[in-house]
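Trainee: could you work out the structure for the sequence below:
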Amino acid sequence: MSRRGGRRVVLRGRGRPVSAFTAVMCAVAVPVAVVALPGTAAAGDSAAYVFAPGAKTVQGAVTSTDAAELKAGETYRSSIEAGVRGTGLGSGSGAKGAAGTRYYRVDLDGSSDTYVSAVAVPKVGADVKVAFNDSISVTLQDRQGNRCDSEVAAFRSAEYPRPIAATAERVVREGGGRCQDAGTYDVVVARKTAPDSTRERWDLELSVSSEPALKSPPATTGPGAWPSASPRTPAGIPSERRGGTGFNDAQSLRQGVWKDRIRPGQTLFYRVPLDWGQQLFTEAELGTSAGDAHRTGFVPSALSVALYNPARTQVTSKDASYGGEASVAALDSLPPVAYENRYLSRADEAGVRFAGWYYLKVSLTPEMKGTFGNKESGLTLRLTVQGDAVSAPAYVRDPGAFQVTDADRAAAESGSVQGGDSSLPSAGGQGGGQAAQGGSGRANRMTVVGIAGIGTGSVLVLGLGVWTYVARRRASAGW
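Mentor: Here you go, the predicted model:
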């Protein structure tokens, strides 16, 4: 990661007319079509990313002139094609019209800090190939082409498809120079694709979040010192909580020990509320029972863990290799959440700059399949939230996603993916829309299966009814 309705069907045939009974049986023989509900994954596709429910679909433009508007406090669906083969053209004048670049625009005020995020969602499967430097980038620039900020998210050494996210920011500060004024800004989303990589379209989830200004001028230097020693790892019998498919159905967690199952090529998402003054310490362990215990071998970078802040900016990450014994990926210690952290020079430390939901993305490489078998493996998460919550900065208005509410704490306590009102909005600017409406990806898929069952059952009941009716007609008519 680097900064930068109804219709009647009449059946006809040769000779004698088709009976009502036959017609119904034909209907029963036809498979029932199942359509996934908005924001859910299709039944049977357990790896599908659950998008924000109600997210508006927007088409990215090939030039800034035709760019569609993205509004702060809303989430959108879009897509992006691969660039010109072998070039991976990105943003800039030389890339105008290239399939790998899409333009959007945002209207910003002159006081709020703004974060524009793009989550790239490539298709998942054994036939999908991505390369080390395949990436998605987000650039925010003014109308004169001056770059405010840019970030690139790439697959790197873990060369397998999974959601990746990049965020560009506009931070207002005294003496900040460019990109400080109110006005229209361009959002440039670019995809880089290697010549041998799969060139299918990637889906995009775009979101814009706005952090209000403070009532009084803030300090412009980061904290000089903070406790960096890792606390004692939480112990006890782990409780089971199932991870989600993305930011919208991420499983809520609190401090403690949690267990889940993960299979090769799968990515799971969790979220933890972090308030002002609190630190998060995270360990993810792949157990000794990983895959087939009778196999031996070694898989480098088998387990990957990444932490994202409430603006969906990646803060830090860690990989762990696997050789059959328990393997742990522990994230580096970070400072307590503080507004002033944004002025720290290190990107990971500057990332913990506001309160809210912090997201954990845990991935298991598909290479585990060839070495240890295509089986689910035990995953243990040990989370420590250290420090008492302190008073929030004096914002000029409600900070939206950048706070921890009582509902957030209750969601973390219960493990609900539906609670918590400070999540990024789903579509209409209301906090918590993604979590509140989205629910679990697994639960949503069960809903689709249930609908399919209802449809099939209704046809069968109708068939039995018509069968009985026809039988009686034949008896009365002497057939």
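Trainee: can you give me the helices in the stretch 1-150 of the chain?
Mentor: 20-29 (DSSP state H, counting those that start in this stretch).
Trainee: any stretches of it with poor pLDDT?
Mentor: In the predicted model, the stretch 1-150 of the chain carries pLDDT under 70 at residues 1-47, 84-99.
Trainee: can you give me the strands for it?
Mentor: 2-3, 56-57, 68-69, 75-80, 101-108, 113-121, 135-141, 147-154 (DSSP state E, counting those that start in this stretch).
Trainee: of all the ones you listed, which one is nearest Arg199?
Mentor: strand 75-80 (11.4 Å; Cβ to Cβ). Every residue, glycine included, has its C-beta placed from N, CA and C.
Trainee: now do the closest one and strand 101-108, the angle between them.
Mentor: 160 degrees (axes from the mean of the first three to the mean of the last three Cα atoms, to 10 degrees).
Trainee: can you list the strands that strand 75-80 pairs with?
Mentor: The pairing partners recorded for strand 75-80 under DSSP bridges are strand 56-57 (parallel), strand 202-211 (antiparallel).
Trainee: just how off-centre is stretch 116-125 within its chain?
Mentor: 8 Å (Cα atoms, centre = their mean, to the nearest Å).
Trainee: please identify the buried residues of it?
Mentor: Within stretch 116-125, the residues scored as buried using 16 or more other Cβ atoms under 10 Å are 116-124.
Trainee: which strand or helix spans Ala329?
Mentor: According to DSSP states H and E, Ala329 maps onto strand 327-330.
Trainee: check which helices and strands that strand sits against.
Mentor: strand 279-286, strand 299-308, strand 314-322 (3 or more Cβ pairs under 8 Å, 6 or more residues apart in numbering; DSSP states H and E).
Trainee: can you add mean neighbour count and mean pLDDT and give those back as JSON lines?
Mentor: Listed next are the helices and strands packed on strand 327-330 as JSON lines, based on neighbours: other Cβ atoms under 10 Å; pLDDT from 0 to 100:
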{"stretch": "strand 279-286", "mean neighbour count": "23", "mean pLDDT": "97"}
{"stretch": "strand 299-308", "mean neighbour count": "22", "mean pLDDT": "96"}
{"stretch": "strand 314-322", "mean neighbour count": "20", "mean pLDDT": "97"}
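Trainee: helix, strand or coil for Cys179?
Mentor: When classified by DSSP: H, G, I helix; E, B strand; the rest coil, Cys179 comes out as coil.
Trainee: go ahead and confirm it touches Cys148.
Mentor: Yes. Under the criterion of Cβ atoms under 8 Å, Cys179 makes contact with Cys148 at 3.6 Å.
Trainee: so what sits against both of these two?
Mentor: Residues touching both Cys179 and Cys148 by Cβ atoms under 8 Å, 6 or more residues apart in numbering: 140-142, 170, 185.
Trainee: circling back: out of the strands of the stretch 1-150 of the chain, nearest to Ala213?
Mentor: strand 113-121 (7.8 Å).
Trainee: fine by me, thanks again.
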